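J.: sequence first, predicted model second:
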Amino acid sequence: MRSDNHGGLLKYIRFFSRSLGLLQVLISIGAIAGGLNFLRDTSGAGSGFTREQLNGTPFSDYLIPGLYLLLVGAGTLAAAWLSLLQHPWSAELAIGLGLALMGWITAQIFWLGYLNWMQPFYFVLGLLEGGFGACMQRFRDAKALAAN
């Protein structure tokens, strides 16, 4: 039995899937670019960082942070594709990747301190990514209930 609200739910799911996919493309571009910069120059100098900033962290250079950024960026790009396709796993991936981005920024501020506007900006992007994922999950669950 189809609910009258079923069509409205589909519009919300499409809106959030597309918005999430575009947001994830934006996040992935920044993460991949940052990761590649750190891998190209593990001293961090090419990205405006110094090795001294890593004192008190588990890292002696920017190799591991660069790999982390590259992997998260590639994962976020793949998740963007799944979001745009409205894949069933896209909501959970968005929540996990949003948490990973917020965790990265939190760890960065904890170890390095506040450096620039990009930290709160990317924290908010992670919050939006996770929030969009949670919304998609709720709409998907509501759609399943409406279809019964």
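T.: Received, thanks.

J.: ranges for the helices of this protein?
T.: Taking DSSP state H, the helices of the chain run over residues 6-40, 63-84, 90-112, 118-147.

J.: turn the ones you listed into JSON lines, columns for distance to residue 53, mean pLDDT and mean neighbour count.
T.: To be clear about C-beta, it is placed using only N, CA and C from the backbone, and glycine gets the same treatment. Shown next, in JSON lines, are these (distance: least, CB to CB, whole Å; pLDDT from 0 to 100; neighbours: other CB atoms under 10 Å):
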{"stretch": "helix 6-40", "distance to residue 53": "12", "mean pLDDT": "91", "mean neighbour count": "18"}
{"stretch": "helix 63-84", "distance to residue 53": "11", "mean pLDDT": "96", "mean neighbour count": "19"}
{"stretch": "helix 90-112", "distance to residue 53": "5", "mean pLDDT": "95", "mean neighbour count": "19"}
{"stretch": "helix 118-147", "distance to residue 53": "13", "mean pLDDT": "88", "mean neighbour count": "17"}
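
J.: now these as TSV including distance to residue 48?
T.: TSV is the format used below for the helices of the chain (distance: least, CB to CB, whole Å):
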stretch	distance to residue 48
helix 6-40	9
helix 63-84	14
helix 90-112	12
helix 118-147	11
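
J.: go through those helices and name the closest to residue 47.
T.: Nearest to residue 47, of all the helices of the chain, is helix 6-40, at 4.6 Å by CB to CB.

J.: list the contacts for the residue nearest to residue 14 when sequence neighbours are not counted?
T.: Residue nearest to residue 14 in three dimensions, not counting chain neighbours: residue 86, with 7.4 Å by CB to CB, 6 or more residues apart in numbering. Counting by CB atoms under 8 Å, 6 or more residues apart in numbering, residue 86 makes contact with 13, 14, 17.

J.: rerun at 10 Å
T.: Neighbouring residues of residue 86 by CB atoms under 10 Å, 6 or more residues apart in numbering: 10, 13, 14, 16, 17, 18, 20, 21, 136, 140.

J.: could you identify the most distant pair in those?
T.: Greatest spatial distance in these: 10 and 21, 16.3 Å, computed using CB to CB.

J.: measure the closest residue to residue 129 other than its chain neighbours to residue 87 for me?
T.: Excluding the flanking residues, the one nearest residue 129 by CB to CB, 6+ apart is residue 98, at 3.6 Å. For residue 98, the distance to residue 87 (CB to CB, to the nearest Å) stands at 16 Å.
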